[in-house]
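Enquirer: quick check, what structure comes out for this input:
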Amino acid sequence: MRNFAATLLIALLPNATLAQKPTAPSPAQVAQEVRDYRMDNEDRIVRELGEFLSIPNIASDTPNIQKNAARLVEMLEARGIETHLLPISGRGPVVFGKLITPEANRTVIFYAHYDGQPVEAAAWTDGKPFEPALRDAAIEAGGERIPFPENSGQHRGMYNDDWRIYARSSSDDKSPIVALLAAIDALRAKKIPLGVNLKVIFEGEEEAGSPNLQRTLELHKNLLGADLLITADGPVHQSGRPLVFFGNRGVIEFGVTVYGPVRALHSGHYGNWAPNPAMELARLLASMKDADGRVRIDGFYDDVAPLGEAEKKALAEMPANDADLERELGIAKPEGGGKKLVELLMQPSLNIRGLRSAYVGEQAQNVVPEKAEASLDTRLVRGEDPQQKFDQIALFIRKQGFYVIDREPTIEERRTYARIAKVTYEGGYRASRTPMDLPASKALVQVVQSATGNTTVVAPALGGSVPMYIFEDLGLPWIGVPIVNYDNHQHSSDENLRLGHFWRGMEIYGAILADLNW
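Expert: Okay, here's the model as predicted:
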């Protein structure tokens, strides 16, 4: 009996030890803990975001973009994150941070950018893109401007999920940065340890095409050891549901200028005789696509890499919300010949992003313009080379009978060639995609689905462009986990952030930091 009792005691000892070890919270439990923390600290979180948004952040505005970098250093170091500035001459630095967890088996890099698109203040409803404004709904829904709630010892400032903050970079990309840092605060306050080593890379030139990012990171490869990179750039799915995506399109940007007479001419005296460059450019641009939006340029679709089975399955399972988008956006008939939006995002595109010739509206003048200009972008998918795509477009323009150059024409060229087009390559980069069946890919989807009640949309690729090819070249798999509302006016006037999405983003990032492993 004594031997039996001793054996039983030994058998029970490991179980007793295990019973004393606290069970790690699930992603859903972490999300709830982050939510509880946020509800007690909304004023502090929004105040930090508002102060960050108040610093102008156009990439070419060197003094202000460097102020943004300095503010980021303060924000990171306040969390005990070891911070380094990776300098770029005449621009804002890449801000690198590192937070090591001794027990962690994996290292995750979080990428976002702190620069924003250029602004035209007059086009903003409130006229001040860098003075954050709070509204009780979207402007399109009649949202009224309201004061930010006051916080005091007697009254805690509370924010409604449907309220929106209007400011440049409120969604693209400053709010995900603040959401990540607030998630770290929440985990610490709730005594939930980080499950991964965290590194951050915050770039100040993404909206200018990331011309220096690859060179800068290659000079500091020793800092970039990691198992996975997560990018925060982009919006959630158009259904409003959370999104995880595994690829993004590349991009090229180029300009086309068509020339007429050396100076604008009176349309009564010279109309029907002097060639009109606006008309010529309109015909040229119209010739590039058919009525269904399919690009007519030779070879435009030849190099598209086919989708794998996992990607085809993900596309088939994505929400069918095209009809809702058509109603919301006032579109009677989309392009694409009947294909769904998610299918078309897997193909290259050609877009006119701006046109200019003489004047319109109150400034309109009865003239034959001296030139007409167009700014275009082409989104690339995996398999396509940016320079080759530009060469295809330039060759197409040449085949339409234009004398193609990359500079202003001389007077002799104007007298010699009836149709002249200046075609200038303004930059670009290729698409990138991470396999959806990697262990890290599956683990991340599982964590985010658990944190969001299995409501997350999983997409093979995002329609927008982010320079993830750089990290692909460095051997880092990457996955996108955006958090901001899809109707955020990204890259336009009245950019905004819906607070409900911001709060949910904190929860998602908190769950990733606490639970991601594979």
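Enquirer: least trustworthy helix or strand in this structure by mean pLDDT?
Expert: Within the chain, confidence by mean pLDDT, DSSP states H and E is lowest for helix 2-20 among all helices and strands, at a mean of 47.
Enquirer: list the buried residues of the helix or strand following that one.
Expert: The helix or strand immediately downstream of helix 2-20 is helix 27-53, counting by DSSP states H and E. Neighbour counts over helix 27-53 (16 or more other C-beta atoms under 10 Å) mark 27-34, 37-38, 41-43, 45-46, 48-50, 52-53 as buried. Just so you know, the C-beta spots here come from the backbone N, C-alpha and C atoms, and that holds for glycine as well.
Enquirer: just stretch 63-82 next, same as before
Expert: Asn64, Ile65, Gln66, Asn68, Ala69, Arg71, Leu72, Val73, Met75, Leu76, Arg79, Ile81.
Enquirer: among those residues, which one lies nearest to Ile184?
Expert: Arg79 (5.4 Å; C-beta to C-beta).
Enquirer: for the closest one, give its distance to Thr257.
Expert: Counting by C-beta to C-beta, to the nearest Å, the gap from Arg79 to Thr257 is 49 Å.
Enquirer: then Ile297?
Expert: 19 Å.
Enquirer: do the same with Asp437
Expert: Asp437 sits 47 Å away from Thr257, going by C-beta to C-beta.
Enquirer: okay, those two: which has more neighbours?
Expert: Thr257 (21 against 12; other C-beta atoms under 10 Å).
Enquirer: can you give me the buried ones in the one helix or strand the more buried one maps to?
Expert: Assessed by DSSP H and E, Thr257 sits inside strand 250-259. Under the neighbour-count criterion of 16+ other C-beta under 10 Å, strand 250-259 has Gly250, Val251, Ile252, Glu253, Phe254, Val256, Thr257, Val258, Tyr259 buried.
Enquirer: the third one is in contact with Pro386, isn't it?
Expert: Yes. Taking contacts as C-beta atoms under 8 Å, Ile252 lies within contact range of Pro386: 4.8 Å.
Enquirer: and the helices in the stretch 51-200 of the chain?
Expert: Ranges of helices within the stretch 51-200 of the chain are 62-77, 174-189, based on DSSP state H, counting those that start in this stretch.
Enquirer: low pLDDT regions in the stretch 1-150 of the chain?
Expert: 1-22 (pLDDT under 70).
Enquirer: switch the cut-off to 50
Expert: 1-2, 4-14, 16-19 (pLDDT under 50).
Enquirer: and what of the chain?
Expert: Across the chain, the ranges flagged by pLDDT under 50 are 1-2, 4-14, 16-19.
Enquirer: rewinding a little: in a markdown table, list the buried residues of strand 250-259 along with distance to Pro147.
Expert: Converted to a markdown table, the buried residues of strand 250-259 look like this (distance: C-beta to C-beta, whole Å):
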| residue | distance to Pro147 |
| --- | --- |
| Gly250 | 43 |
| Val251 | 40 |
| Ile252 | 44 |
| Glu253 | 40 |
| Phe254 | 45 |
| Val256 | 47 |
| Thr257 | 47 |
| Val258 | 50 |
| Tyr259 | 53 |
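Enquirer: go through those residues and say which is closest to Pro306.
Expert: Gly250 (16.9 Å).
Enquirer: so the closest one bridges to which residues?
Expert: Leu380 (DSSP bridges).
Enquirer: and the gap between Glu384 and Ala123?
Expert: To Ala123, Glu384 is 33 Å away according to C-beta to C-beta.
Enquirer: would you confirm that Gln388 contacts Asp303?
Expert: Yes. Between Gln388 and Asp303 there is a contact under C-beta under 8 Å: 7.5 Å.
Enquirer: okay, the two: which has more neighbours?
Expert: Neighbour count, other C-beta under 10 Å: between Gln388 and Asp303, Asp303 has more, with 16 against 13.
Enquirer: so the more buried one touches Arg382, yeah?
Expert: No. The criterion here is C-beta under 8 Å, and Asp303 misses it with Arg382 at 9.2 Å.
Enquirer: thought Phe202 was touching Tyr114?
Expert: Yes. Between Phe202 and Tyr114 there is a contact at 5.2 Å, judged by C-beta under 8 Å.
Enquirer: thinking again about what came up before, overlap in contacts, Ile252 and Pro386.
Expert: Counting by C-beta atoms under 8 Å, 6 or more residues apart in numbering, the residues touching both Ile252 and Pro386 are Leu380, Gly428.
Enquirer: quick one on the thing from earlier: redo the buried residues of stretch 63-82 as TSV? Include distance to Thr424.
Expert: Below are the buried residues of stretch 63-82 laid out as TSV (distance: C-beta to C-beta, whole Å):
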residue	distance to Thr424
Asn64	28
Ile65	25
Gln66	29
Asn68	30
Ala69	31
Arg71	35
Leu72	34
Val73	37
Met75	39
Leu76	39
Arg79	44
Ile81	41
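Enquirer: out of those residues, which is nearest to Ile405?
Expert: Of all the buried residues of stretch 63-82, Ile65 has the smallest distance to Ile405: 34.0 Å, by C-beta to C-beta.
Enquirer: residue contacts, the closest residue to that closest one other than its chain neighbours?
Expert: What sits nearest to Ile65 in space, not counting adjacent residues and going by C-beta to C-beta, 6 or more residues apart in numbering, is Gly92, at 3.6 Å. Applying C-beta under 8 Å, 6+ apart, we find Gly92 in contact with Ala59, Thr62, Ile65, Gln66, Asn68, Ala69, Tyr114, Asp115, Gly204, Glu205.
Enquirer: and Pro211, what is it in contact with?
Expert: By C-beta under 8 Å, 6+ apart, the neighbours of Pro211 are Glu205, Gly427.
Enquirer: quick check, it in a helix?
Expert: No. Pro211 sits outside any helix when classified using DSSP: H, G, I helix; E, B strand; the rest coil, being coil.
Enquirer: give me the phi and psi angles of it.
Expert: phi -70, psi -20 (degrees, to the nearest 10).
Enquirer: any idea how far it is from Ile512?
Expert: 30 Å.
Enquirer: list the buried residues in stretch 387-399.
Expert: In terms of neighbour count (16+ other C-beta under 10 Å), stretch 387-399 has its buried residues at Lys389, Phe390, Gln392, Ile393, Ala394, Phe396, Ile397.
Enquirer: now for the residue nearest to Gly480 when sequence neighbours are not counted, how many residues are close by?
Expert: Leaving aside its sequence neighbours, Gly480 sits nearest to Phe245 (C-beta to C-beta, 6+ apart; 4.2 Å). Other residues lying near Phe245 total 24 when counted by other C-beta under 10 Å.
Enquirer: please export the C-alpha coordinates of stretch 465-474 as CSV.
Expert: What follows is stretch 465-474, C-alpha atoms only, in CSV (Å, rounded to 0.1, in the frame of the first residue of the first chain):
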residue,chain,number,x,y,z
SER,A,465,0.5,48.9,-54.2
VAL,A,466,3.0,48.7,-51.3
PRO,A,467,6.8,48.1,-51.7
MET,A,468,6.7,44.6,-50.3
TYR,A,469,8.9,43.3,-53.1
ILE,A,470,11.8,44.8,-51.1
PHE,A,471,11.2,42.5,-48.1
GLU,A,472,10.6,39.6,-50.5
ASP,A,473,14.0,40.2,-51.9
LEU,A,474,15.4,40.2,-48.4
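Enquirer: buried by neighbour count: which residues of it qualify?
Expert: Ser465, Val466, Pro467, Met468, Tyr469, Ile470, Phe471, Glu472.
Enquirer: which residue is the nearest non-sequential neighbour of the first one?
Expert: Translated: Ser465. That would be Val251: by C-beta to C-beta, 6+ apart, it lies 3.9 Å from Ser465.
Enquirer: so what's Pro348 up against?
Expert: For Pro348, the contacting residues are Arg249, Val295, Phe300, Tyr301, Val304, Thr378, Arg379, Leu380, Val381, Glu384, Lys389, by C-beta under 8 Å, 6+ apart.
Enquirer: kindly recompute the last result at 10 Å.
Expert: Pro348 makes contacts with 249-250, 252, 295, 297, 300-301, 303-304, 378-381, 383-384, 389, 431, as judged by C-beta atoms under 10 Å, 6 or more residues apart in numbering.
Enquirer: since that was my last question, I'll sign off now.
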